[in-house]
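**Q** what's the 3D shape of this:
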Amino acid sequence: MREKKNSGQVLLIAAFIMALLLLSAELYIFDVGKIMYEVELNSLTDFVLAVELGSRHVVVGSLANVSNGGSSSVLEWNLQNWSSLINGQYQFGKSVLDYTLEETSPYSSGIWIDWGTNGLGVSSAYANFTYKLLGREANLNQSYFINVTTMLLIESAFRTIQGNDKQINVTINLLNGGNPALAGQIAVYYNDQQGNWLIPDETSNNYTISDYGNGTYLASFVASIPGQNVEVSTNVIDQREIYVQSNATSTEI
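**A** Numbers count the residues shown, from 1 in each chain. Coordinates of the predicted model:
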């Protein structure tokens, strides 16, 4: 028998992935803070670049946490701690890092999560920063923003082989900041029209997935689905540990 997965189990899988994340809020801030000491800070330029690089790592890590089921307040909490860490640095003078979370729609508290049924899935975090340094070498007032976005685009088509048996193809495109990106993990599901989401396997479903090496993947499998309404779902974790998913209705060819 095929192993059946209902929609509740799909959520449990996401929760399990979250539990396996090595990145926790506290440990991540600690690790990012070490950037200030691991980089050779021999000049003011190095110091400023380290601040901006560290800010990006904090936003990426926070989005990974939130997208895998963490609280949406993680971004605010992490940035508060990162700002406090930077404000305590006096190597080149008085250091002040301020931030604001993006609130323009579709963002709320700097987070935009949209895992739709139209073939598009988005996991994104956006924060604006102002860094001020009053020191012996120079006075600096620099503004920058960090927008970290993982986007998933899927399309699906099927053909009927015989009876309820259908050959289903799912084309998967993964983007980081609008550029093709490689996936760390991919899971494909289909709805059996009886309230269950099933995972195709190589033995019973002739499941294969092809990696084109440019952020595009093709999943192909055979499934027994009554009627002409074929629904598929794809869950992806990119190489930054950011999770995104999307559902789509397959088109008959």
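
**Q** What are the boundaries of the helices in the stretch 1-150 of the chain?
**A** 7-20, 25-33, 35-38, 44-67, 74-87 (DSSP state H, counting those that start in this stretch).

**Q** Mind checking the pLDDT average for the last one?
**A** Helix 74-87 shows a mean pLDDT of 94.

**Q** Show me what counts as buried in that helix.
**A** For helix 74-87, the neighbour count (16 or more other Cβ atoms under 10 Å) marks 74, 75, 76, 78, 79, 81, 82, 83, 85, 86 as buried. (C-beta placed from N, C-alpha, C; glycine too.)

**Q** chain center to it: distance?
**A** 20 Å (Cα atoms, centre = their mean, to the nearest Å).

**Q** could you give the angle of that helix to helix 44-67?
**A** 160 degrees (axes from the mean of the first three to the mean of the last three Cα atoms, to 10 degrees).

**Q** Output the contacting helices and strands for helix 74-87.
**A** Helices and strands touching helix 74-87, as assessed by 3 or more Cβ pairs under 8 Å, 6 or more residues apart in numbering; DSSP states H and E, comprise helix 25-33, helix 44-67, strand 94-101, strand 120-134.

**Q** Among those, show the one with the smallest mean pLDDT.
**A** Note on those: lowest mean pLDDT is at helix 25-33, with a mean of 47.

**Q** max-length strand in this protein?
**A** Using DSSP state E to define each element, the chain has its longest strand at strand 139-162.

**Q** After it, heading C-terminal, what element do we hit next?
**A** strand 165-176 (DSSP states H and E).
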